[in-house]
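**Q** Give me a model of this one.
(6 chains)
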Protein chains: 6
Amino acid sequence: MTHAVAPPTASRSTLVITAHAGDFVWRGGGAIALAASRGENITVARLTFGERGESAKAWREGRKLEEIKAIRQGEAERAAATLGAEVRFFDAGDYPLLATAELTDRLVAVHRETQPDVVLTHPTEDPYNGDHPASNRMALEARILAHAVGYPGDGDIIGAPPVFCFEPHQPEMSGFRPEVLLDITEVWETKRAAMECLGAQQHLWDYYTDLAVQLRRNAGPNLGLAHRTMAEAYMRPFPQIAKEQA
Amino acid sequence: MTHAVAPPTASRSTLVITAHAGDFVWRGGGAIALAASRGENITVARLTFGERGESAKAWREGRKLEEIKAIRQGEAERAAATLGAEVRFFDAGDYPLLATAELTDRLVAVHRETQPDVVLTHPTEDPYNGDHPASNRMALEARILAHAVGYPGDGDIIGAPPVFCFEPHQPEMSGFRPEVLLDITEVWETKRAAMECLGAQQHLWDYYTDLAVQLRRNAGPNLGLAHRTMAEAYMRPFPQIAKEQA
Amino acid sequence: MTHAVAPPTASRSTLVITAHAGDFVWRGGGAIALAASRGENITVARLTFGERGESAKAWREGRKLEEIKAIRQGEAERAAATLGAEVRFFDAGDYPLLATAELTDRLVAVHRETQPDVVLTHPTEDPYNGDHPASNRMALEARILAHAVGYPGDGDIIGAPPVFCFEPHQPEMSGFRPEVLLDITEVWETKRAAMECLGAQQHLWDYYTDLAVQLRRNAGPNLGLAHRTMAEAYMRPFPQIAKEQA
Amino acid sequence: MTHAVAPPTASRSTLVITAHAGDFVWRGGGAIALAASRGENITVARLTFGERGESAKAWREGRKLEEIKAIRQGEAERAAATLGAEVRFFDAGDYPLLATAELTDRLVAVHRETQPDVVLTHPTEDPYNGDHPASNRMALEARILAHAVGYPGDGDIIGAPPVFCFEPHQPEMSGFRPEVLLDITEVWETKRAAMECLGAQQHLWDYYTDLAVQLRRNAGPNLGLAHRTMAEAYMRPFPQIAKEQA
Amino acid sequence: MTHAVAPPTASRSTLVITAHAGDFVWRGGGAIALAASRGENITVARLTFGERGESAKAWREGRKLEEIKAIRQGEAERAAATLGAEVRFFDAGDYPLLATAELTDRLVAVHRETQPDVVLTHPTEDPYNGDHPASNRMALEARILAHAVGYPGDGDIIGAPPVFCFEPHQPEMSGFRPEVLLDITEVWETKRAAMECLGAQQHLWDYYTDLAVQLRRNAGPNLGLAHRTMAEAYMRPFPQIAKEQA
Amino acid sequence: MTHAVAPPTASRSTLVITAHAGDFVWRGGGAIALAASRGENITVARLTFGERGESAKAWREGRKLEEIKAIRQGEAERAAATLGAEVRFFDAGDYPLLATAELTDRLVAVHRETQPDVVLTHPTEDPYNGDHPASNRMALEARILAHAVGYPGDGDIIGAPPVFCFEPHQPEMSGFRPEVLLDITEVWETKRAAMECLGAQQHLWDYYTDLAVQLRRNAGPNLGLAHRTMAEAYMRPFPQIAKEQA
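**A** Residues are numbered from 1 along each chain as shown, chains lettered A, B, ... in the order given. As a prediction, the model looks like this:
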């Protein structure tokens, strides 16, 4: 255990930490596809299968817990492959997902292994789903701990990668104010294809397509973004470090 | 009056709208010098000379109003020349600076003339100096009006340039949360030279030098920015439009 | 001038105070149609024609100011008739709409004349359009003044009618948190027909149709509202007075 | 375990989740008495007896823990009977009340058993008493879990009942903004009688009587509520679903 | 016009800036009586007589505007004399009180004349009465301008006196968080006597008596203040400067 | 165990509850030295040695955990002796410091033993270091529990001492608004000497010296504090109880 900051690797690395099955697709699929299109490495740390809270259709069909986990795992793997990401399953149990020191420690290890240049995760508030804020708290804490030379574990410590928080399902009720509108137009078809891997939540396909169009309204006066632009919205919990204002 | 959006010009344009004499130097001098170093056009719209509120030294020396305005104008012109910007004097009267439709209209005209790619101005709150929020309100309103094809006046309408708000003198008391840390290390000497043009406020030279160093602490865990980095902090009232997360 | 509180009239009264041409349709058309369907009187006080800020299409076609006002007036009258409301034109000038004591006084007079049981208007924040907050400030102030027996003018003083603030176009950027989801399913076809009277803003027809569907997500867990429910969202600046919790 | 949503029952159901002995009386007694007067079922889930934190008088008299619990249980049962509610004692231990997955699970079971149409509980903030926010967190989480078909346990899943949060003892220090003023005038005598069952906190009888009068000031201009109106104040963490604005 | 800071005077000075007739009594009467009991000078700058907005009883009795002003002036003078303060009448017109540069300038002059050690005024928010925020804005701006050596006018410039903002009538609806609880027990009888000079608002005598008792609840756990303590609550818009923590 | 409130002791008592090694020096050293200079008792409850999160230099030098703890303990004892305080080591483990009922109970015991007149601790937010908010939550909860006659344990219950929260390292990012500026000019040399005991964090000596000067800017207009004043900033989570406004 040397704990020097890792040397810059050949390609950039993105770490996505999400609570449930589909979160990385609905909320960050465009960002992942964009990074993949640039040849970057993307790792999705999926804390649960969304087996209890986001699989109502399967439960109504009378399926069992392990069967549902397998379904959601399969869907997620196909969606991740479509987007160009690798997915890790933590199987920490959802609804409720409990924030623990052990689970946070596993996230520290993933940070040190993947040495992310960018971290994506849920935002701090979501009054409709406590698993999302729990993921946020563990993700942000793990990033801080992974940076500390005194925190034990394998691998090199990390730097201070920027963090981007997904738009939640009810942004106005969750104190979500868009701080970054990511233009995902050029990878839209890939994101749509990944969404279509998620058969358990088919009712959301069109919802998130419409959303990607509507976010343009936040770009400013009417001409802020061109008419066919598709977007994802993010918050930044830490300041952007910039060399130029744009 | 054709009111098509102006075609992209040869070089980018930055518009800086400030209340008083020194604001564009203390708070945005690094940003201006950076833009100038890239060959961009920078226009500073200075609403007042800071003749009443920020010239205590001159008043104590017994100088008259017009004399003080001339002193502050000379300082500002030298500082602007040092940074590489053109400065316009509106002479709207400070302490208090009154927000009026007429003054806003003059700012609309400057927007349409300079066709900014970036706008810098004061933030929305400052309990210690009402001229700063007044400038903010007029600057943001003028930017919206300048975009409207139905608003009268010469020149083409503008697009929706991003806006960056300066760090105020008492950030914690003004609800200021740094959203962008601009790395101004490479133009630091230029900013310092511009500050030294402002003889009326000599006590602030070292203050703003220290501040430029200290802002690093907001970059994240200890290694966020390299040890000698100098920075300026900004808020963004509108979301960033991005093609990549960094 | 007797200034007793007016006796309860035969039918309830709704007063809608808006900045521009289409606001009462896009944002409150469902509420108006619902009230009309119950036989209530609805008065729309339209402060401007939206002639400068929301008529870009007409300006691009080369039309003149008075012509544009006439177009927007015609559209608004047709839309109001479709919804079942009477519309008053104040022609106060938009972009910017200036909040003045005179205009507020005219709104006091409308309050005292119409004796509203409910008031609808814009919310307090909208960083993309200053005319909306200006309307909010004047509407709320007029309601307070119209209640004061000492404020001069014709008509009886009013009580303390509840106020509902429209959802703005960029709710997350405007601090808008939905406090009431009004179920407008049964009058949806009427609202759509009124929207189609607004030829100058045709691009918004589908936008506001999609929005009416999507607001269901704020109703709570997935089953909060039935699948085909259409809704409008409102904030309440004052507490609800209730006899029962529901 | 079928997990269909339960069919509508003969009478409406209210579930009240509180931390301590007297909370349901001081803060929600009027709401409970109103519901009872309409023939509804009311269940009070009392997480603790308030044996440590709200029984100072008994401790000063030298009583023992079990004796104090028995006193507070007796008081609560008499008050509940007076109001027309059934009370369940969880005996989870107060001061501090610890939020645990086990206790939350017991609250899920109560939700599924009682199938509430309305839920009352503490608000999210109370810097003077951590047991109240702990109750809020568990109550809101249990309501979400009880809705999920995948969450295990007996009984049918619930819908999305509206939630009302009590006024805390120091509203201005707890970020409490009244969103609903419930007119409890007609059941005031019943609430007062229930308060008088709580001998351990006699100093609060007049306090909460005065409060019920004073809340009228939030109804709006002076005539908002009639002079003798008594009220309870509530916040709503989720939007109201309405068919009409009033 | 020398504009040195005035030398310390024999006795301390308090400046109270209020909108209407009774504000300085209901909200700050205890503070004024305390200062007077220590031999300090207190000046009340009363911007209006409250002739339209807070004299409903007189209007209902059919009195005329000038008569009402005279009544309120007489009441205020008797109350001020009871408390030990001098009152100045600005007669700027209430409901609405308009914030103007001229009125602000008159407040600058009062600051420079009275050289306050402490300033009391209304808080920044009051959704039920716009005259109170208008007073706040002018009072805070005048204090800043009165400090500037470059602002014209007679008298010496002032220092930076601490500001205390009154508790508004609906604190929870006005974002009011008590930051100072002033113990006014020893001057309570004087405040009550001053309140009883205000015959036009007799319904508020007991209201503000109860309030003075109830504020104790914010002092902390139950024993924070002794049982018979009477208090007034204030916010501080600027930090307290202290030599000791207490 | 009698649980009467303890009688006033000969000298005042200050309790400082901090997360790590240096916190009580950097953030509260001036307050401690001031209290010591008045002959008061000061107890520092240090929850951890800062062995993992704030000892990067030692880890980089290859030292072991126990060795690092010993180094930080030695430094802290020397700094405490310099300031005039007694320090207690809880050794609860940092990075992350976990908030537990057991640790809170130990803090209750310290409150009851030391009977503080003043409590100093971390503020509620710090996105860069979760150990600080964890300390805040336990400190505030322990203070409430220590006041309750029903909470078990040795010693007399406490009253309701005022609480002061330190300025965090990134105040603008932590929602920190200075509410008290403590003038520490007269003990500055002592604080500097205590800082110099902390060899592990030598890079912070000048940082906190500059900070002590810069805080003057929050005192108000330019003359708020004299030129050489040194200050520490604090928030107050509960209202100040005052007999006089200053």
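**Q** After the helix or strand bottoming out on mean pLDDT in chain A, heading C-terminal, what element do we hit next?
**A** Considering only helices and strands, the least confidently modelled element of chain A by mean pLDDT, DSSP states H and E is helix A:205-214, at a mean of 84. Reading on from helix A:205-214 to the C-terminus, the next helix or strand found by DSSP states H and E is strand A:231-235.
**Q** now the angle between helix A:205-214 and that next one, please.
**A** Orientation of strand A:231-235 against helix A:205-214 (axes from the mean of the first three to the mean of the last three Cα atoms, to 10 degrees) gives an angle of 80 degrees.
**Q** Can you spell out which helices and strands pack onto strand A:231-235?
**A** Helices and strands touching strand A:231-235, by 3 or more Cβ pairs under 8 Å, 6 or more residues apart in numbering or on different chains; DSSP states H and E, are helix A:29-37, strand A:163-166, strand A:180-183. No exception for glycine: its C-beta is placed from N, CA and C like everyone else's.
**Q** Partner strands of it, with direction?
**A** Applying DSSP bridges to the sheet, strand A:231-235 is found paired with strand A:163-166 (antiparallel), strand A:180-183 (antiparallel).
**Q** sec struct for A:Asp156, please.
**A** Assigned by DSSP: H, G, I helix; E, B strand; the rest coil, the conformation of A:Asp156 is coil.
**Q** Tell me how far it lies from chain B.
**A** Remark: distance between A:Asp156 and chain B (Cβ to the nearest Cβ, to the nearest Å) = 12 Å.
**Q** how many other residues sit next to that residue?
**A** Around A:Asp156 there are 17 other residues, counting by other Cβ atoms under 10 Å in any protein chain shown.
**Q** Please apply the same query to A:Glu61.
**A** A:Glu61 is surrounded by 11 other residues when neighbours are defined as other Cβ under 10 Å.
**Q** residue in chain A nearest to chain D?
**A** Chain D sits closest to A:Arg52 of chain A, with a gap of 3.6 Å, by Cβ to the nearest Cβ.
**Q** who touches that residue in this structure?
**A** A:Arg52 makes contact with A:94-95, D:148, D:150-151, according to Cβ atoms under 8 Å, 6 or more residues apart in numbering or on different chains.
**Q** before we move on, what about A:Trp205?
**A** Listed by Cβ under 8 Å, 6+ apart, the contact partners of A:Trp205 are A:192, A:195-196.
**Q** mind giving me CSV with those and columns for pLDDT?
**A** Compiled in CSV, the contacts of A:Trp205 are given as follows (pLDDT from 0 to 100):
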residue, pLDDT
A:Arg192, 96
A:Met195, 96
A:Glu196, 95
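**Q** burial count for the nearest residue to A:Arg236 once chain neighbours are set aside?
**A** Distance criterion Cβ to Cβ, 6 or more residues apart in numbering or on different chains; nearest residue to A:Arg236, sequence neighbours excluded, is A:Glu179 at 5.0 Å. When counting by other Cβ under 10 Å, one arrives at 18 neighbours for A:Glu179.
**Q** Could you say which of the strands paired with strand A:231-235 is packed most deeply?
**A** When you average the neighbours per residue for each of the strands paired with strand A:231-235 (mean count of other Cβ atoms under 10 Å in any protein chain shown), strand A:163-166 leads with a mean of 26.
**Q** returning to what we had before: quick check: the residue nearest to A:Arg236 vs B:Leu140, distance?
**A** When Cβ to Cβ, to the nearest Å is applied, the distance between A:Glu179 and B:Leu140 equals 17 Å.
**Q** swap in A:Pro178?
**A** For A:Pro178, the distance to B:Leu140 (Cβ to Cβ) stands at 17 Å.
**Q** ok, now A:Ala101?
**A** 46 Å.
**Q** what does A:Ala35 give?
**A** Separation of A:Ala35 from B:Leu140 (Cβ to Cβ): 34 Å.
**Q** is the longest helix anywhere in chain A anywhere near chain B?
**A** Using DSSP state H to define each element, chain A has its longest helix at helix A:65-83. No - no part of helix A:65-83 sits near chain B under the criterion Cβ under 8 Å from any Cβ of the partner chain; the closest distance found is 14.8 Å.
**Q** what does stretch A:111-129 give?
**A** Yes - Stretch A:111-129 comes into contact with chain B (Cβ under 8 Å from any Cβ), by way of A:117-118, A:120.
**Q** Buried among these? Make that a ChimeraX selection.
**A** Taking 16 or more other Cβ atoms under 10 Å in any protein chain shown as the burial criterion, the selection of buried members of those in ChimeraX is written as:
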select /A:117,118,120
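**Q** Compare A:Ala35 and B:Leu140 (neighbour count), which wins?
**A** A:Ala35 (27 against 23).
**Q** mean confidence score for stretch A:72-90?
**A** Averaged across stretch A:72-90, pLDDT comes to 96.
**Q** can you list contacts of it?
**A** Applying Cβ under 8 Å, 6+ apart, the contact partners of stretch A:72-90 are A:16, A:21-22, A:24-25, A:29, A:32-33, A:35-37, A:41-51, A:55, A:103, A:106, A:110, A:190-191, A:193-195, A:197-200.
**Q** Take the residues you listed and keep only those in strands.
**A** Secondary structure assignment (DSSP state E) places A:16, A:41-46 from the contacts of stretch A:72-90 within strands.
**Q** Could you write out the alpha-carbon coordinates of stretch A:46-61 in CSV?
**A** The C-alpha trace of stretch A:46-61 is given here as CSV (Å, rounded to 0.1, in the frame of the first residue of the first chain):
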residue,chain,number,x,y,z
ARG,A,46,-25.1,-0.6,-8.5
LEU,A,47,-25.9,-0.9,-4.8
THR,A,48,-29.1,-3.0,-5.2
PHE,A,49,-31.1,-4.7,-7.9
GLY,A,50,-34.1,-2.5,-7.2
GLU,A,51,-35.7,-5.8,-6.4
ARG,A,52,-38.3,-4.6,-3.9
GLY,A,53,-38.8,-0.9,-4.7
GLU,A,54,-38.7,-0.7,-8.5
SER,A,55,-39.9,-4.1,-9.7
ALA,A,56,-43.7,-3.8,-9.0
LYS,A,57,-44.5,-5.4,-12.4
ALA,A,58,-42.6,-8.6,-11.6
TRP,A,59,-44.0,-8.9,-8.1
ARG,A,60,-47.5,-8.5,-9.5
GLU,A,61,-46.7,-11.4,-11.9
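**Q** model confidence over that stretch, on average?
**A** For stretch A:46-61, the per-residue pLDDT averages 93.
**Q** ok, and for that stretch, which residues are buried?
**A** Within stretch A:46-61, the residues scored as buried using 16+ other Cβ under 10 Å are A:46-59.
**Q** can you check stretch A:83-102 too?
**A** Those buried within stretch A:83-102 under the rule 16+ other Cβ under 10 Å are A:83-85, A:87, A:89-90, A:92-97, A:99.
**Q** I'd like to know which of the residues you listed are part of helices.
**A** Among the buried residues of stretch A:83-102, the members that lie in helices (by DSSP H) are A:Leu83.
**Q** what's the farthest-apart pair in the buried residues of stretch A:83-102?
**A** Comparing all pairs in the buried residues of stretch A:83-102 by Cβ to Cβ, the longest separation belongs to A:Gly84 and A:Pro96, at 31.4 Å.
**Q** Sketch out the low-pLDDT regions of chain A for me.
**A** Along chain A, the model assigns pLDDT under 70 to residues A:1-10, A:219-227.
**Q** Alright, I will stop here.
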